[in-house]
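[1] Sequence plus predicted model, see below.
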Amino acid sequence: MAPASLPLDAKIEALLLVAGKEGTTVARLARVLEASENEIEAALLMLEERQQGRGIRIQRHRDRVRLVTAAEAADLVRAFLQVEGQARFSRAALETLAIIAYRQPISKPEIDRIRGVNSDAVLRRLLEMGLIEEVGRADAPGRPILYGTTPRFLEAFGLTSLEELPSLETE
């Protein structure tokens, strides 16, 4: 069977498999597959539906799309790879991650103001763990670094996109 005879969602799945850890963009998929971005998005939705109850998921982070292991399979994958359990997060780390996840992009001075304490150490640790990254510079005095979450953050919390974060609405 020639690759051209595959349905668009199957072609996308094949490309996401080889795109690896970094994934790719919808725009690049559209260029390579000579399709519109709307057609790619529709095929991605179809692929996501087919993956329900299976061992892989499509993960979206900012403008990137990639294949990841389903969160429900984490223990099985960990046992297969013979790796230790997930690291426990300190209260400060979870607090800082939540602030960044919901307010990104956000600067250290803003994080410190919200938390009421200096966040140097916890930001360094979250950067080392690959859960956050520098995403730019603020247009403010001193041009402070802006932080955002990474695809690793989504993996660590079993999310396929930031849209799956619980709502912050309070009653």
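    Structure's in. What do you need?
[2] which residue packs closest to residue 12, ignoring adjacent ones?
    Sequence neighbours aside, residue 43 is the residue nearest to residue 12 in space, at 5.4 Å (criterion: CB to CB, 6 or more residues apart in numbering). All C-beta spots, glycine's among them, are computed from the backbone N, C-alpha and C.
[3] Residues in contact with the helix or strand harbouring that neighbour: which ones?
    Assigned by DSSP states H and E, residue 43 falls within helix 37-50. The contact list for helix 37-50 (CB atoms under 8 Å, 6 or more residues apart in numbering) reads 7-9, 12-13, 26-27, 29-30, 33, 35, 57-58, 65.
[4] Could you tell me the per-residue confidence at residue 59?
    Residue 59 carries a pLDDT value of 90.
[5] helix or strand for it, which one?
    If you go by DSSP H and E, residue 59 is part of strand 56-61.
[6] C-terminal to that strand, what's the next element?
    Criterion used, DSSP H and E; the element after strand 56-61 is strand 64-69.
[7] got a list of what residue 96 touches?
    For residue 96, the contacting residues are 111, 115, 119, 122-123, 126, by CB under 8 Å, 6+ apart.
[8] Can I get the lowest-mean-pLDDT helix or strand in the chain in CSV? Just the C-alpha atoms.
    Scoring the helices and strands of the chain by mean pLDDT, DSSP states H and E places helix 74-81 at the bottom, with a mean of 75. Extracted C-alpha coordinates of helix 74-81, given in CSV (Å, rounded to 0.1, in the frame of the first residue of the first chain):
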residue,chain,number,x,y,z
ALA,A,74,2.3,5.4,33.6
ASP,A,75,2.9,2.7,36.2
LEU,A,76,3.1,0.0,33.6
VAL,A,77,5.6,2.1,31.5
ARG,A,78,7.6,2.9,34.6
ALA,A,79,7.9,-0.8,35.5
PHE,A,80,8.8,-1.7,32.0
LEU,A,81,11.5,0.9,31.9
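[9] What's the first helix or strand after that helix?
    Of the helices and strands lying after helix 74-81 in sequence (DSSP H and E), the nearest is helix 91-103.
[10] Could you pull out the buried residues of that next one?
    Buried residues in helix 91-103, counted by 16 or more other CB atoms under 10 Å: 93, 95-97, 99-101.
[11] Show me how far it is from its chain's centre.
    How far helix 91-103 lies from its chain's middle: 15 Å, per CA atoms, centre = their mean, to the nearest Å.
[12] Then stretch 128-139?
    13 Å.
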